[in-house]
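In: Mind looking at a prediction? Sequence and model below.
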Amino acid sequence: MWELNVLHWFDSIHGTVLDPAMVGITYSATSGLIWFVLGFLMTCSPRWRRCGASVIVSVVVAYILADIMIKPLVCRDRPFAVEDFDLLISAPDTWSFPSGHTASAFAGATAILIHSRRWGCVAMLYATLVGISRMYLCVHWPTDVIAGAALGIAAAFLAVWVMSRWVPFFREMDRGDALV
């Protein structure tokens, strides 16, 4: 199984300088807190208000889809329940598919990207590192991370589309108002 090969490779490089970096990245994305704080701070500025609201709503939508709806339906075991991996963090007690950390990271990053290409690229890099950290720590299968990323991106587009269609404040949003 190719997924086991990927995780065994990550497991084999544990004990390097990457360990604290990957643990830090994964903890920074726990519960989507970083996105809620960033979204709230953005809403404090008129220039970034739409983007901040988009980030918050996108992350909430991703959470509902990934953690509340899909995980209990799929009930996929985590990698460490199948193989003996060296865990660098406490073993999560939820199901594996899809990665909620990755879903919320890509939802927040995509929401930023929709409003600002420059900052969106930075956010997407961070979201990618979150996904990699989940595999590095052997708490998610690669397909969990891929599905989480796809789900997060879809959640952001859905959230921004719904808000721009049915929320008056967002209906007036046009591409000329995009941030740089």
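Out: Okay, I see it.
In: switch to C-alpha atoms for all contacts and neighbour counts from now on
Out: Will do.
In: quick one, longest helix in the protein?
Out: helix 142-166 (DSSP state H).
In: Give me the mean pLDDT for it.
Out: Mean per-residue pLDDT for helix 142-166: 95.
In: How far does that helix sit from its chain's centre?
Out: 10 Å (Cα atoms, centre = their mean, to the nearest Å).
In: CA atoms only: put whatever helix or strand comes next after it into CSV for me.
Out: Downstream of helix 142-166, the first helix or strand assigned by DSSP states H and E is helix 168-171. Extracted in CSV, the C-alpha atoms of helix 168-171 (Å, rounded to 0.1, in the frame of the first residue of the first chain):
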residue,chain,number,x,y,z
PRO,A,168,-26.2,41.8,1.3
PHE,A,169,-22.8,42.9,2.5
PHE,A,170,-21.2,40.4,0.3
ARG,A,171,-23.4,40.8,-2.8
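In: Any buried residues in helix 168-171, and which?
Out: Using 16 or more other Cα atoms under 10 Å as the burial criterion, the residues of helix 168-171 that qualify are residue 170.
In: sec struct for residue 85, please.
Out: Recorded secondary structure, residue 85: coil (DSSP: H, G, I helix; E, B strand; the rest coil).
In: Quick check: the gap between it and residue 54.
Out: Noted for residue 85: a distance of 37 Å to residue 54, by Cα to Cα, to the nearest Å.
In: Can you pull up the most central residue in this structure?
Out: Nearest to the mean C-alpha position of the chain, by Cα atoms, centre = their mean, lies residue 105 at 2.1 Å.
In: mind checking how far residue 23 is from residue 7?
Out: Residue 23 is 16 Å from residue 7, by Cα to Cα.
In: Centre of the chain to the lowest-mean-pLDDT helix or strand in the chain, how far?
Out: Lowest mean confidence among the helices and strands of the chain (mean pLDDT, DSSP states H and E): helix 168-171, at a mean of 69. Centroid separation between helix 168-171 and its chain, computed with Cα atoms, centre = their mean, is 26 Å.
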